[in-house]
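Participant: Here is my input; please provide its structure:
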Amino acid sequence: MEGKILSINISKKKGCRKYPVESAVITDMGIDGDAHAGPGMKQISLLTLKSIEKMRKKGYKIEYGELAENLTIDGIKPDEIRIGMRIRIGENAIIEVTKIGKECHEECELFKGKIEDCMMAKEGFFARVIRGGEIKVGDAVSII
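Facilitator: A predicted model of the protein is given here:
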């Protein structure tokens with residue numbers, strides 16, 4: 001299964017939307033420059049275009065990064081993702097899926113806006129870095 005990066009998104013603080021950048025460096029702590037980079041099992045967050053489209057069909061005007069995902073990807077379906085899967089991003093980076101879905105919290109800008117059916121909470125997934133590398137929008141994303 002192969003897809004591609006539609007958007008790379010970062011933010012300087014937690015609990016808010018992320019903003020797109022054209023390229024980034026994945027280090028052993030996550031995406032360089034992102035507030036969530038650090039040790040742990042949720043270094044990088046991902047969301048598929050299919051998940052975003054589900055919210056758009058319900059009338060939400062959701063842009064890439066607005067659900068606080070680091071990577072917005074296309075070509076891989078949410079139901080294909082399993083904990084423990086390894087995913088290659090670009091030429092060199094490899095991540096391992098550690099969690100699917102998330103708990104909503106009051107500090108989240110989306111929670112404050114009363115957005116229901118947040119796909120990040122249901123179908124977003126988190127990963128830890130196995131191997132870093134440079135990535136850019138349009139790079140291949142493949143389950144290995």
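Participant: In the protein, which residue is most central in space?
Facilitator: With distances taken as Cα atoms, centre = their mean, residue 46 lies nearest the centre of the chain, 1.8 Å away.
Participant: ok, and that one, which helix or strand is that part of?
Facilitator: strand 44-48 (DSSP states H and E).
Participant: do the same with residue 56
Facilitator: Residue 56 belongs to helix 49-57 when elements are defined using DSSP H and E.
Participant: Show me what counts as buried in that helix.
Facilitator: For helix 49-57, the neighbour count (16 or more other Cβ atoms under 10 Å) marks 49, 50, 51, 52, 54, 55 as buried. C-betas here are computed from N, CA, C, even on glycine.
Participant: just those now: which is nearest residue 29?
Facilitator: Nearest to residue 29 among the buried residues of helix 49-57: residue 51, at 25.3 Å, using Cβ to Cβ.
Participant: Distance check, the closest one against residue 38.
Facilitator: Distance of residue 51 to residue 38, given as Cβ to Cβ, to the nearest Å: 25 Å.
Participant: quick one: contacts for the nearest residue to residue 14 once chain neighbours are set aside?
Facilitator: Distance criterion Cβ to Cβ, 6 or more residues apart in numbering; nearest residue to residue 14, sequence neighbours excluded, is residue 35 at 4.8 Å. For residue 35, the contacting residues are 10, 11, 12, 13, 14, by Cβ atoms under 8 Å, 6 or more residues apart in numbering.
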